[in-house]
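Participant: Provide a 3D model corresponding to the input given below.
(chains A and B)
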There are 2 protein chains.
Amino acid sequence: MFPEFATYIKAQANLSDHDIELIHSKAIEKKLRRKEFLLHQGEVCRYKIFISKGLIRTYATREQGSEHILRFSAENSWTTDPESFEFDTPSSLNIDAIEHSELVLWTKDDLRYLITNIPGLKTYFDKLMTSSGSLFRQRILSNISSTAEEKYEDFVKNYPEISARAPLHMVASYLGVTRKTLTRIRHAQVKGK
Amino acid sequence: MFPEFATYIKAQANLSDHDIELIHSKAIEKKLRRKEFLLHQGEVCRYKIFISKGLIRTYATREQGSEHILRFSAENSWTTDPESFEFDTPSSLNIDAIEHSELVLWTKDDLRYLITNIPGLKTYFDKLMTSSGSLFRQRILSNISSTAEEKYEDFVKNYPEISARAPLHMVASYLGVTRKTLTRIRHAQVKGK
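Facilitator: Just a heads-up that it's a prediction; the model follows:
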(Lines give C-alpha, C1' and ligand atoms only; values in the text may rest on other atoms or scores of the structure.)
Protein backbone atom coordinates (compact mmCIF):
# COMPACT_ATOMS: atom_id res chain seq x y z
CA MET A 1 0.00 0.00 0.00
CA PHE A 2 2.61 2.57 1.00
CA PRO A 3 4.97 1.50 -1.86
CA GLU A 4 2.24 2.30 -4.44
CA PHE A 5 1.71 5.67 -2.77
CA ALA A 6 5.46 6.35 -2.77
CA THR A 7 5.69 5.60 -6.51
CA TYR A 8 2.76 7.90 -7.18
CA ILE A 9 3.87 10.82 -5.01
CA LYS A 10 7.48 10.76 -6.26
CA ALA A 11 6.14 11.27 -9.80
CA GLN A 12 3.88 14.13 -8.68
CA ALA A 13 5.96 16.08 -6.19
CA ASN A 14 9.54 17.10 -5.65
CA LEU A 15 10.43 14.99 -2.58
CA SER A 16 13.67 13.62 -1.13
CA ASP A 17 14.06 10.09 0.20
CA HIS A 18 14.03 11.60 3.66
CA ASP A 19 10.70 13.30 2.93
CA ILE A 20 9.25 9.96 1.80
CA GLU A 21 10.51 8.29 4.99
CA LEU A 22 8.89 11.01 7.10
CA ILE A 23 5.58 10.67 5.22
CA HIS A 24 5.82 6.89 5.67
CA SER A 25 6.40 7.20 9.41
CA LYS A 26 2.97 8.86 9.79
CA ALA A 27 1.02 6.65 7.34
CA ILE A 28 -1.62 4.12 8.35
CA GLU A 29 -2.29 1.26 5.93
CA LYS A 30 -5.77 -0.21 5.72
CA LYS A 31 -7.60 -2.77 3.61
CA LEU A 32 -11.33 -2.60 2.98
CA ARG A 33 -13.45 -5.52 1.78
CA ARG A 34 -16.11 -4.80 -0.83
CA LYS A 35 -19.04 -2.92 0.80
CA GLU A 36 -17.03 -2.28 3.97
CA PHE A 37 -17.34 1.24 5.41
CA LEU A 38 -14.52 3.59 6.27
CA LEU A 39 -16.88 6.34 7.44
CA HIS A 40 -20.53 6.35 8.48
CA GLN A 41 -22.63 9.51 8.37
CA GLY A 42 -22.57 11.08 11.88
CA GLU A 43 -19.00 10.05 12.66
CA VAL A 44 -16.06 12.45 12.48
CA CYS A 45 -13.88 11.86 9.43
CA ARG A 46 -10.45 11.49 11.04
CA TYR A 47 -8.41 10.77 7.90
CA LYS A 48 -7.20 12.07 4.60
CA ILE A 49 -7.43 8.93 2.50
CA PHE A 50 -5.27 7.84 -0.44
CA ILE A 51 -6.51 4.94 -2.55
CA SER A 52 -3.59 2.75 -3.64
CA LYS A 53 -5.85 -0.02 -5.03
CA GLY A 54 -9.56 -0.47 -5.59
CA LEU A 55 -12.54 1.83 -5.90
CA ILE A 56 -14.15 3.91 -3.13
CA ARG A 57 -17.30 5.98 -3.11
CA THR A 58 -18.07 9.04 -0.97
CA TYR A 59 -21.79 9.70 -0.75
CA ALA A 60 -24.73 11.22 1.10
CA THR A 61 -27.95 9.44 1.97
CA ARG A 62 -31.32 11.17 2.24
CA GLU A 63 -34.13 10.42 4.68
CA GLN A 64 -35.88 8.06 2.29
CA GLY A 65 -32.67 6.02 1.95
CA SER A 66 -31.59 7.19 -1.50
CA GLU A 67 -27.82 7.47 -2.07
CA HIS A 68 -26.13 10.40 -3.84
CA ILE A 69 -22.51 9.99 -4.85
CA LEU A 70 -20.25 13.00 -4.44
CA ARG A 71 -17.08 11.28 -5.59
CA PHE A 72 -15.66 8.03 -6.95
CA SER A 73 -12.01 7.50 -6.01
CA ALA A 74 -9.93 4.88 -7.83
CA GLU A 75 -6.19 4.13 -7.60
CA ASN A 76 -3.96 7.20 -7.12
CA SER A 77 -6.67 9.50 -5.94
CA TRP A 78 -7.87 10.86 -2.61
CA THR A 79 -11.00 11.24 -0.57
CA THR A 80 -12.13 12.60 2.77
CA ASP A 81 -14.93 14.78 4.11
CA PRO A 82 -12.98 18.06 4.10
CA GLU A 83 -15.24 19.90 6.57
CA SER A 84 -15.50 17.06 9.06
CA PHE A 85 -11.74 16.44 8.77
CA GLU A 86 -10.95 20.15 9.24
CA PHE A 87 -13.38 21.02 12.01
CA ASP A 88 -13.92 17.66 13.80
CA THR A 89 -17.66 17.90 13.12
CA PRO A 90 -19.95 14.91 12.46
CA SER A 91 -19.85 14.05 8.77
CA SER A 92 -22.94 14.07 6.58
CA LEU A 93 -21.20 11.64 4.24
CA ASN A 94 -20.48 7.93 4.02
CA ILE A 95 -17.34 6.37 2.57
CA ASP A 96 -17.32 2.71 1.55
CA ALA A 97 -15.63 0.33 -0.87
CA ILE A 98 -17.14 -0.62 -4.24
CA GLU A 99 -14.25 -3.06 -4.78
CA HIS A 100 -11.75 -4.63 -2.40
CA SER A 101 -9.52 -1.63 -1.73
CA GLU A 102 -6.17 -0.74 -0.20
CA LEU A 103 -5.76 2.63 1.45
CA VAL A 104 -3.14 4.82 3.08
CA LEU A 105 -4.44 7.20 5.74
CA TRP A 106 -3.08 10.20 7.61
CA THR A 107 -4.66 12.01 10.57
CA LYS A 108 -5.12 15.77 10.46
CA ASP A 109 -2.34 16.49 12.94
CA ASP A 110 0.12 14.26 11.11
CA LEU A 111 -0.82 15.69 7.72
CA ARG A 112 -0.39 19.24 9.03
CA TYR A 113 2.98 18.33 10.44
CA LEU A 114 4.07 16.84 7.11
CA ILE A 115 2.79 19.76 5.01
CA THR A 116 4.47 22.27 7.31
CA ASN A 117 7.78 20.46 7.17
CA ILE A 118 7.88 19.30 3.54
CA PRO A 119 7.55 22.19 1.04
CA GLY A 120 7.20 19.81 -1.93
CA LEU A 121 4.20 18.20 -0.27
CA LYS A 122 2.60 21.57 0.37
CA THR A 123 3.00 22.51 -3.31
CA TYR A 124 1.46 19.17 -4.29
CA PHE A 125 -1.61 19.66 -2.05
CA ASP A 126 -2.06 23.28 -3.21
CA LYS A 127 -2.16 22.03 -6.83
CA LEU A 128 -4.50 19.19 -5.86
CA MET A 129 -6.89 21.67 -4.24
CA THR A 130 -6.89 23.92 -7.31
CA SER A 131 -7.55 20.99 -9.62
CA SER A 132 -10.23 19.57 -7.32
CA GLY A 133 -11.98 22.98 -7.25
CA SER A 134 -11.82 23.08 -11.03
CA LEU A 135 -13.45 19.64 -11.32
CA PHE A 136 -16.21 20.68 -8.89
CA ARG A 137 -16.94 23.81 -10.96
CA GLN A 138 -17.02 21.79 -14.19
CA ARG A 139 -19.39 19.32 -12.57
CA ILE A 140 -21.75 22.07 -11.39
CA LEU A 141 -21.82 23.60 -14.87
CA SER A 142 -22.48 20.17 -16.36
CA ASN A 143 -25.24 19.52 -13.80
CA ILE A 144 -27.07 22.75 -14.63
CA SER A 145 -26.46 22.88 -18.38
CA SER A 146 -26.24 19.37 -19.85
CA THR A 147 -28.83 16.81 -20.87
CA ALA A 148 -28.69 13.37 -19.24
CA GLU A 149 -27.12 12.05 -22.48
CA GLU A 150 -24.37 14.69 -22.40
CA LYS A 151 -23.70 14.09 -18.70
CA TYR A 152 -23.23 10.37 -19.30
CA GLU A 153 -21.02 10.94 -22.39
CA ASP A 154 -18.81 13.35 -20.44
CA PHE A 155 -18.55 10.91 -17.54
CA VAL A 156 -17.45 8.03 -19.81
CA LYS A 157 -14.96 10.30 -21.59
CA ASN A 158 -13.50 11.77 -18.39
CA TYR A 159 -13.59 8.61 -16.25
CA PRO A 160 -13.43 5.61 -18.62
CA GLU A 161 -11.99 3.34 -15.90
CA ILE A 162 -14.65 4.18 -13.36
CA SER A 163 -17.53 4.00 -15.82
CA ALA A 164 -16.37 0.48 -16.70
CA ARG A 165 -16.02 -0.62 -13.07
CA ALA A 166 -18.86 1.07 -11.13
CA PRO A 167 -22.35 -0.50 -11.18
CA LEU A 168 -24.89 1.29 -13.38
CA HIS A 169 -27.10 2.43 -10.49
CA MET A 170 -24.08 4.14 -8.87
CA VAL A 171 -23.21 5.98 -12.07
CA ALA A 172 -26.85 7.12 -12.27
CA SER A 173 -26.62 8.29 -8.66
CA TYR A 174 -23.41 10.22 -9.40
CA LEU A 175 -24.94 11.88 -12.47
CA GLY A 176 -28.25 12.68 -10.75
CA VAL A 177 -30.34 10.79 -13.32
CA THR A 178 -32.64 7.84 -12.69
CA ARG A 179 -31.42 4.33 -13.34
CA LYS A 180 -34.21 3.98 -15.91
CA THR A 181 -33.01 7.03 -17.83
CA LEU A 182 -29.42 5.80 -17.79
CA THR A 183 -30.47 2.34 -19.00
CA ARG A 184 -32.37 3.99 -21.88
CA ILE A 185 -29.33 6.11 -22.78
CA ARG A 186 -27.00 3.11 -22.79
CA HIS A 187 -29.41 1.06 -24.96
CA ALA A 188 -29.72 3.95 -27.43
CA GLN A 189 -25.90 4.24 -27.59
CA VAL A 190 -25.44 0.50 -28.17
CA LYS A 191 -28.06 0.60 -30.95
CA GLY A 192 -26.45 3.72 -32.43
CA LYS A 193 -23.07 2.00 -32.81
CA MET B 1 -15.23 51.00 -2.36
CA PHE B 2 -12.07 50.30 -0.37
CA PRO B 3 -13.62 51.64 2.88
CA GLU B 4 -16.45 49.05 2.61
CA PHE B 5 -13.85 46.36 2.01
CA ALA B 6 -11.79 47.55 4.99
CA THR B 7 -14.85 47.40 7.28
CA TYR B 8 -15.62 43.89 6.05
CA ILE B 9 -12.11 42.45 6.26
CA LYS B 10 -11.42 43.91 9.72
CA ALA B 11 -14.46 42.01 11.01
CA GLN B 12 -13.32 38.78 9.33
CA ALA B 13 -9.56 38.71 9.84
CA ASN B 14 -7.01 39.67 12.43
CA LEU B 15 -5.30 42.62 10.71
CA SER B 16 -3.35 45.65 11.94
CA ASP B 17 -3.83 49.15 10.53
CA HIS B 18 -0.51 48.70 8.77
CA ASP B 19 -1.83 45.50 7.11
CA ILE B 20 -4.91 47.38 5.90
CA GLU B 21 -2.72 50.14 4.47
CA LEU B 22 -0.60 47.59 2.65
CA ILE B 23 -3.70 45.87 1.22
CA HIS B 24 -5.05 49.28 0.19
CA SER B 25 -1.81 50.19 -1.60
CA LYS B 26 -2.31 47.25 -3.99
CA ALA B 27 -6.09 47.63 -4.48
CA ILE B 28 -7.76 48.76 -7.72
CA GLU B 29 -11.24 50.29 -7.40
CA LYS B 30 -13.69 49.85 -10.25
CA LYS B 31 -17.35 50.63 -10.94
CA LEU B 32 -19.47 48.60 -13.33
CA ARG B 33 -22.72 49.77 -14.88
CA ARG B 34 -25.57 47.29 -15.10
CA LYS B 35 -24.83 44.71 -17.84
CA GLU B 36 -21.21 45.85 -18.14
CA PHE B 37 -18.61 43.08 -18.39
CA LEU B 38 -15.53 42.62 -16.23
CA LEU B 39 -14.45 39.44 -18.06
CA HIS B 40 -15.37 37.95 -21.43
CA GLN B 41 -14.93 34.27 -22.17
CA GLY B 42 -11.55 33.80 -23.93
CA GLU B 43 -9.78 36.55 -21.94
CA VAL B 44 -7.41 35.85 -19.04
CA CYS B 45 -8.99 36.65 -15.67
CA ARG B 46 -6.35 38.96 -14.18
CA TYR B 47 -8.09 39.81 -10.90
CA LYS B 48 -9.42 38.48 -7.66
CA ILE B 49 -12.59 40.53 -7.31
CA PHE B 50 -14.29 41.77 -4.14
CA ILE B 51 -17.83 43.15 -4.48
CA SER B 52 -18.34 46.12 -2.14
CA LYS B 53 -21.71 47.05 -3.64
CA GLY B 54 -24.07 45.55 -6.20
CA LEU B 55 -24.59 42.12 -7.70
CA ILE B 56 -22.28 40.28 -10.09
CA ARG B 57 -22.75 37.03 -11.97
CA THR B 58 -20.06 34.59 -13.12
CA TYR B 59 -21.32 32.30 -15.87
CA ALA B 60 -20.58 30.09 -18.84
CA THR B 61 -22.27 30.29 -22.23
CA ARG B 62 -22.83 27.32 -24.48
CA GLU B 63 -22.66 27.18 -28.30
CA GLN B 64 -26.37 27.81 -28.71
CA GLY B 65 -26.09 30.97 -26.58
CA SER B 66 -27.63 29.67 -23.35
CA GLU B 67 -26.16 31.07 -20.12
CA HIS B 68 -25.32 28.95 -17.06
CA ILE B 69 -24.60 30.76 -13.82
CA LEU B 70 -21.84 29.37 -11.66
CA ARG B 71 -22.03 32.05 -8.98
CA PHE B 72 -23.93 35.15 -7.88
CA SER B 73 -21.77 37.55 -5.84
CA ALA B 74 -23.39 40.31 -3.81
CA GLU B 75 -21.86 42.78 -1.32
CA ASN B 76 -19.03 41.34 0.79
CA SER B 77 -18.29 38.39 -1.41
CA TRP B 78 -15.72 37.46 -4.02
CA THR B 79 -15.47 36.14 -7.51
CA THR B 80 -12.82 35.25 -10.10
CA ASP B 81 -12.09 32.40 -12.49
CA PRO B 82 -9.66 30.54 -10.24
CA GLU B 83 -7.98 28.52 -13.01
CA SER B 84 -7.58 31.40 -15.42
CA PHE B 85 -6.34 33.62 -12.57
CA GLU B 86 -3.88 30.97 -11.36
CA PHE B 87 -2.50 29.73 -14.69
CA ASP B 88 -3.00 32.77 -17.00
CA THR B 89 -5.12 30.63 -19.34
CA PRO B 90 -8.10 31.94 -21.36
CA SER B 91 -11.22 31.83 -19.22
CA SER B 92 -14.29 29.83 -20.19
CA LEU B 93 -16.39 32.15 -18.02
CA ASN B 94 -17.97 35.60 -18.26
CA ILE B 95 -18.33 38.04 -15.40
CA ASP B 96 -20.80 40.92 -15.65
CA ALA B 97 -22.97 43.16 -13.47
CA ILE B 98 -26.64 42.45 -12.76
CA GLU B 99 -26.86 45.75 -10.85
CA HIS B 100 -24.65 48.84 -10.81
CA SER B 101 -21.69 47.50 -8.82
CA GLU B 102 -18.58 48.69 -7.05
CA LEU B 103 -15.56 46.42 -6.93
CA VAL B 104 -12.11 46.18 -5.44
CA LEU B 105 -9.58 44.17 -7.47
CA TRP B 106 -6.12 42.73 -6.87
CA THR B 107 -3.78 41.16 -9.43
CA LYS B 108 -2.32 37.72 -8.78
CA ASP B 109 1.19 39.01 -8.06
CA ASP B 110 -0.11 41.63 -5.62
CA LEU B 111 -2.43 39.17 -3.90
CA ARG B 112 0.43 36.66 -3.52
CA TYR B 113 2.62 39.36 -2.06
CA LEU B 114 -0.09 40.35 0.43
CA ILE B 115 -0.88 36.77 1.46
CA THR B 116 2.80 35.97 1.94
CA ASN B 117 3.38 39.06 4.07
CA ILE B 118 0.16 39.23 6.09
CA PRO B 119 -0.51 36.03 8.08
CA GLY B 120 -4.02 37.19 9.06
CA LEU B 121 -4.93 37.51 5.40
CA LYS B 122 -3.59 34.05 4.64
CA THR B 123 -5.74 32.56 7.42
CA TYR B 124 -8.77 34.42 6.06
CA PHE B 125 -8.27 33.09 2.50
CA ASP B 126 -7.65 29.54 3.76
CA LYS B 127 -10.99 29.67 5.60
CA LEU B 128 -12.70 31.20 2.56
CA MET B 129 -11.41 28.37 0.38
CA THR B 130 -12.66 25.71 2.81
CA SER B 131 -16.07 27.32 3.01
CA SER B 132 -16.27 27.82 -0.76
CA GLY B 133 -15.41 24.12 -1.28
CA SER B 134 -18.12 23.19 1.18
CA LEU B 135 -20.72 25.29 -0.69
CA PHE B 136 -19.70 23.68 -4.00
CA ARG B 137 -20.10 20.18 -2.53
CA GLN B 138 -23.51 21.07 -1.09
CA ARG B 139 -24.58 22.46 -4.46
CA ILE B 140 -23.47 19.30 -6.29
CA LEU B 141 -25.41 17.13 -3.82
CA SER B 142 -28.45 19.37 -4.24
CA ASN B 143 -28.11 19.23 -8.04
CA ILE B 144 -28.06 15.45 -8.12
CA SER B 145 -30.53 14.70 -5.33
CA SER B 146 -33.19 17.43 -5.11
CA THR B 147 -36.36 18.16 -7.04
CA ALA B 148 -36.71 21.54 -8.78
CA GLU B 149 -39.02 22.61 -5.92
CA GLU B 150 -36.43 21.68 -3.28
CA LYS B 151 -33.62 23.41 -5.19
CA TYR B 152 -35.62 26.64 -5.35
CA GLU B 153 -36.64 26.45 -1.67
CA ASP B 154 -33.03 25.91 -0.63
CA PHE B 155 -31.88 28.80 -2.80
CA VAL B 156 -34.42 31.21 -1.29
CA LYS B 157 -33.52 30.04 2.22
CA ASN B 158 -29.75 30.25 1.70
CA TYR B 159 -29.68 33.41 -0.45
CA PRO B 160 -32.79 35.47 0.39
CA GLU B 161 -31.16 38.73 -0.77
CA ILE B 162 -30.07 37.34 -4.11
CA SER B 163 -33.35 35.57 -4.80
CA ALA B 164 -35.12 38.90 -4.24
CA ARG B 165 -32.75 40.86 -6.49
CA ALA B 166 -31.82 38.55 -9.40
CA PRO B 167 -34.23 38.23 -12.35
CA LEU B 168 -36.20 34.99 -12.46
CA HIS B 169 -34.53 33.66 -15.62
CA MET B 170 -31.12 34.02 -13.96
CA VAL B 171 -32.24 32.11 -10.87
CA ALA B 172 -33.55 29.39 -13.21
CA SER B 173 -30.18 29.34 -14.98
CA TYR B 174 -28.33 29.05 -11.64
CA LEU B 175 -30.55 26.19 -10.51
CA GLY B 176 -30.45 24.37 -13.85
CA VAL B 177 -34.24 24.35 -14.29
CA THR B 178 -36.24 25.93 -17.10
CA ARG B 179 -37.81 29.33 -16.63
CA LYS B 180 -41.20 27.69 -17.23
CA THR B 181 -40.64 25.21 -14.39
CA LEU B 182 -39.51 27.95 -12.03
CA THR B 183 -42.54 30.12 -12.89
CA ARG B 184 -44.82 27.13 -12.16
CA ILE B 185 -43.08 26.54 -8.80
CA ARG B 186 -43.41 30.19 -7.78
CA HIS B 187 -47.11 30.28 -8.73
CA ALA B 188 -47.76 27.10 -6.74
CA GLN B 189 -45.97 28.61 -3.71
CA VAL B 190 -47.93 31.86 -3.91
CA LYS B 191 -51.19 29.88 -4.15
CA GLY B 192 -50.12 27.65 -1.25
CA LYS B 193 -49.63 30.62 1.09
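Participant: which residues does the residue nearest to the spatial centre of chain A contact?
Facilitator: The residue lying closest to the centre of chain A (CA atoms, centre = their mean) is residue A:73, at 3.2 Å. Counting by CB atoms under 8 Å, 6 or more residues apart in numbering or on different chains, residue A:73 touches A:49, A:51, A:55-58, A:79. Backbone N, C-alpha and C define where each C-beta goes, glycine included.
Participant: in what helix or strand does it lie?
Facilitator: strand A:67-74 (DSSP states H and E).
Participant: what does residue A:50 give?
Facilitator: Assigned by DSSP H and E, residue A:50 falls in strand A:47-53.
Participant: Next, see if stretch A:88-100 gets close to chain B.
Facilitator: No: shown here: stretch A:88-100 not in contact with chain B (CB under 8 Å from any CB of the partner chain), separated by at least 8.6 Å.
Participant: Next, the angle from the strand holding residue A:73 to strand A:47-53.
Facilitator: Following axes from the mean of the first three to the mean of the last three CA atoms, to 10 degrees, one obtains 60 degrees for the angle between strand A:67-74 and strand A:47-53.
Participant: List the neighbouring strands of strand A:67-74 plus their orientation.
Facilitator: Sheet pairing for strand A:67-74, assigned by DSSP bridges, gives strand A:55-61 (antiparallel).
Participant: Pull out the buried residues from the strand it pairs with.
Facilitator: Going by neighbour count (16 or more other CB atoms under 10 Å in any protein chain shown), the buried part of strand A:55-61 is A:55-60.
Participant: Of these, which pair is most distant in space?
Facilitator: Distances among the buried residues of strand A:55-61 were taken as CB to CB; the most separated pair is A:55 and A:60, at 18.2 Å.
Participant: what mean pLDDT does the longest helix seen in chain A have?
Facilitator: If each helix of chain A is counted by residues according to DSSP state H, the longest one is helix A:119-145. The average pLDDT within helix A:119-145 is 93.
Participant: Residue A:148 and residue A:183 touch, don't they?
Facilitator: No: Residue A:148 is beyond contact range of residue A:183, at 11.2 Å (criterion: CB atoms under 8 Å).
Participant: Which of those two has more residues huddled nearby?
Facilitator: Neighbour count, other CB atoms under 10 Å in any protein chain shown: between residue A:148 and residue A:183, residue A:148 has more, with 16 against 13.
Participant: now the more buried one, nearest residue through space, not along the chain?
Facilitator: residue A:177 (4.5 Å; CB to CB, 6 or more residues apart in numbering or on different chains).
Participant: coming back round to it: tell me which residues of the strand holding residue A:73 are tucked away?
Facilitator: Buried, per 16+ other CB under 10 Å, within strand A:67-74: A:68-74.
Participant: so, if you compare those residues, which one comes nearest to chain B?
Facilitator: Closest to chain B out of the buried residues of strand A:67-74 is residue A:68 (4.1 Å), distances taken as CB to the nearest CB.
Participant: burial of the closest residue in space to that closest one that isn't next to it in sequence, as a residue count?
Facilitator: Among residues not flanking residue A:68 along the chain, residue B:145 sits closest, at 4.1 Å (CB to CB, 6+ apart). Residue B:145 has 19 neighbours, counted by other CB under 10 Å.
Participant: what do you get for the one 4 residues further on?
Facilitator: The local packing count at residue B:149 equals 15, with neighbours defined by other CB under 10 Å.
Participant: Just the element for it, please.
Facilitator: helix B:148-158.
Participant: List the contacts of that helix.
Facilitator: B:142-143, B:146, B:163, B:171, B:174-177, B:181-182, B:185-186, B:188.
Participant: what's the angle from that helix to helix B:119-145?
Facilitator: In terms of direction (the same axes, to 10 degrees), helix B:148-158 departs from helix B:119-145 by 160 degrees.
Participant: do you know how far the nearest residue to residue A:97 once chain neighbours are set aside is from residue B:89?
Facilitator: The shortest distance from residue A:97 to any non-neighbouring residue, by CB to CB, 6+ apart, is to residue A:32 (4.0 Å). The gap separating residue A:32 from residue B:89 is 38 Å, by CB to CB, to the nearest Å.
Participant: When the two are compared, which one has more neighbours?
Facilitator: residue A:32 (21 against 12).
Participant: how about the more buried one, what does it touch?
Facilitator: A:38, A:54, A:56, A:96-97, A:100-103.
Participant: helices and strands around the strand or helix carrying residue A:38, which ones?
Facilitator: Assigned by DSSP H and E, residue A:38 falls within strand A:37-39. Identification of packing neighbours for strand A:37-39 by 3 or more CB pairs under 8 Å, 6 or more residues apart in numbering or on different chains; DSSP states H and E yields strand A:94-97.
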